[in-house]
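> based on what follows, work out the 3D shape:
(chains A, B, C, D, E and F)
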Number of protein chains: 4
Amino acid sequence: MNSVVLVGRLTKDPELRYIPGTGRPVATFSIAVNRAFVNKEGKREADFFNIVVWGKPGENCANYLSKGRLVSVRGSIQNRSYETQTGERRYITEIVADRVEFLESKGRSESASPAGNDFEKSFEPVGLDSEGFQALDDDDIPF
Amino acid sequence: MNSVVLVGRLTKDPELRYIPGTGRPVATFSIAVNRAFVNKEGKREADFFNIVVWGKPGENCANYLSKGRLVSVRGSIQNRSYETQTGERRYITEIVADRVEFLESKGRSESASPAGNDFEKSFEPVGLDSEGFQALDDDDIPF
Amino acid sequence: MNSVVLVGRLTKDPELRYIPGTGRPVATFSIAVNRAFVNKEGKREADFFNIVVWGKPGENCANYLSKGRLVSVRGSIQNRSYETQTGERRYITEIVADRVEFLESKGRSESASPAGNDFEKSFEPVGLDSEGFQALDDDDIPF
Amino acid sequence: MNSVVLVGRLTKDPELRYIPGTGRPVATFSIAVNRAFVNKEGKREADFFNIVVWGKPGENCANYLSKGRLVSVRGSIQNRSYETQTGERRYITEIVADRVEFLESKGRSESASPAGNDFEKSFEPVGLDSEGFQALDDDDIPF
DNA sequence: TTTT
DNA sequence: TTTT
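Numbers count the residues shown, from 1 in each chain, chains lettered A, B, ... in the order given. Here you go, the predicted structure:
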């Protein structure tokens, strides 16, 4: 069992890529999660996590999220290692999300929200579940 | 966001049903989850939860789990209400699982394990995730 | 193991009580948690959960939260049963929270926020952890 | 909000240290968590996580856990960075646990269990919660 | 009994 | 209604 829930804000706009060959979409972004406690100096620190979202939900993240937005994310923590040019093994930790929820409507943002955005009509918090995940009715998700 | 993780033991063998019309499988069982703390009398109490597992993973639960087995379960808590014969509204809480892992090999059990069972070959803890995860069609819940 | 995380909005203002004898504070409130999926009719349903917060964090909830506020809650699901006047056993499910975070500053609220409120100075999301909970002293980590 | 639950097996015996100055105990160990899914080659991979447990629960882990034991862990993911001798910044991810439960009695283990161990008398799964953590006094719940 |  |  490996289950994580995080609530935090995007540190940048998401990036969207498509896997060569399969064309499978994958979005990546990073969120800042404030710690529950202030440290000795009385300051609230944050941890930063790399989030990976596969498939249609990844595309939704790329389309509707941007730097600063508050989200909740559920997924699994995964470790990957890779080799550096100098032959060292380096480890990186990612959250592979199976659920991302947008906790603020774009309307709240200072930046104007795009016209004709159906998403604006739905109430918050709004859920986006992982493909393969069977939605209640995958095809009536309107965004 | 609504995410729960429980670890506990089945209080009975699972029950498997098929939704009339769609034929969709759904398993139900109950687990006992020991509390983290002993109470004032020094006894460890337990909470009991009803688990619902849709689709193929539900069938796997019905085939490989039995009373007493230790499992971990991830899912969402859901409330349903129904009307009693006397017209009262009654509330019930269920865990709709999207992941069930078997934390003991059947081999540990006293009961013989079925021959030709692929499952036996995998190491523990073993995960069964929801392929084609099926959402809830609230009103075809048969129990 | 019994761990739940919920994100939702208060359906009413919290209630605060003090246990007779010990004087221990306990806050209770209910939150609405939107489901990740829309149902067959295309509507987003919600589940409603009763939250219980003991101690100083309970007092903080009572002081800083109100109907409509967005919170994240971590805790354990617990079942209690009681006897009705007619002698029936009735079951109720509660979330005993060990962490409650306020996901909106009061400033966003339409209601004026109280003057001289230290809490206002902290950034969101803000964490309130269970009394006695041990914070991390980052720099005495020895490894 | 930052909450993780893992179930896995210790890859080594835990290490216990005491913070110079304060004398605060801290245990560290690593667990292997099997992935829910097999990979393309049909093999079940695992992720490895470093677990940190402060205080009395850390001492309990050091006393009662050993390589190979199955545990469930709840906590927060935290990132730390440090500087290498060559002046590079390196990042490491840890799970700071606030709850560790032993999912197997020592009795099941091949290694003899220590005599006079109260812990042996309790049933599994057994909970160890964070010091200072407040237990529930069931019968002074006023609602 | 319910929030946005 | 409950498991170990």
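
> and the most centrally placed residue in chain A, what are its phi and psi?
Computing the C-alpha centroid of chain A and ranking residues by C-alpha atoms, centre = their mean puts residue A:51 first, at 5.1 Å. Dihedral angles of residue A:51 (phi, psi; degrees, to the nearest 10) stand at phi -110, psi 140.

> do I have it right that it meets residue A:28?
Yes: counting by C-beta atoms under 8 Å, residue A:28 is a contact partner of residue A:51 at 6.7 Å. Using the backbone N, CA and C atoms, a C-beta is placed for each residue, glycine as well.

> is the residue nearest to the centre of chain A bridged to anything, and to what?
Per DSSP bridges, the residues bridged to residue A:51 are residue A:29, residue A:95.

> any residue of the helix or strand containing residue A:58 touching chain B?
Applying DSSP states H and E as the criterion places residue A:58 in helix A:55-64. No: Helix A:55-64 lies out of reach of chain B by C-beta under 8 Å from any C-beta of the partner chain, never closer than 12.5 Å.

> pretty sure residue A:81 sits against residue A:89.
Yes: between residue A:81 and residue A:89 there is a contact under C-beta under 8 Å: 5.3 Å.

> who's in contact with residue A:96?
Residue A:96 is in contact with A:52, A:54, A:75, A:76, A:78, counting by C-beta atoms under 8 Å, 6 or more residues apart in numbering or on different chains.

> meant to ask about residue A:33, not that
Neighbours of residue A:33 in contact, by C-beta under 8 Å, 6+ apart: A:6, A:7, A:8, A:46, A:47, A:48, A:49, D:1, D:2.

> using ChimeraX, define a selection of the buried residues within those.
To isolate the buried ones among these in ChimeraX, judged by 16 or more other C-beta atoms under 10 Å in any protein chain shown, type:
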select /A:6,7,8,46,47,49 /D:1,2
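
> of the contacts of residue A:33, which is the nearest to chain C?
Proximity to chain C was ranked across the contacts of residue A:33 by C-beta to the nearest C-beta; first place goes to residue D:1, at 4.1 Å.

> wait, what's in contact with that closest one?
Here residue D:1 is in contact with A:5-7, A:33, A:72, C:5, C:7, C:72, C:74, C:99, C:101, C:125, C:127 (criterion: C-beta under 8 Å, 6+ apart).

> give me the distance between residue A:15 and residue A:82.
18 Å (C-beta to C-beta, to the nearest Å).

> who has more neighbours out of these two?
Neighbours were counted for residue A:15 and for residue A:82 using other C-beta atoms under 10 Å in any protein chain shown; residue A:15 has more, 13 against 9.

> that one reaches residue A:26, doesn't it?
No: the criterion here is C-beta under 8 Å, and residue A:15 misses it with residue A:26 at 9.1 Å.

> output the lowest mean pLDDT helix or strand found in chain A.
For chain A, scoring each helix and strand by mean pLDDT, DSSP states H and E identifies strand A:126-129 as the least confident one, at a mean of 44.

> hang on, the earlier thing: so which of the contacts of residue D:1 belong to strands?
A:5, A:6, A:7, A:33, A:72, C:5, C:7, C:72, C:74, C:99, C:101, C:127 (DSSP state E).

> for residue A:34, name its beta-bridge partners.
Going by DSSP bridges, residue A:34 forms beta bridges with residue A:46.

> and it, how many neighbours?
Counted with other C-beta under 10 Å, residue A:34 comes out at 22.

> where's it relative to residue C:9, distance?
Applying C-beta to C-beta, the value for residue A:34 to residue C:9 is 20 Å.

> then residue A:22?
The value you get for residue A:22 to residue C:9, if C-beta to C-beta is used, is 40 Å.

> do the same with residue A:84
47 Å.

> then residue A:95?
Residue A:95 is 25 Å from residue C:9, by C-beta to C-beta.

> ok, residue A:18 next?
Taking C-beta to C-beta, one finds residue A:18 at 37 Å from residue C:9.
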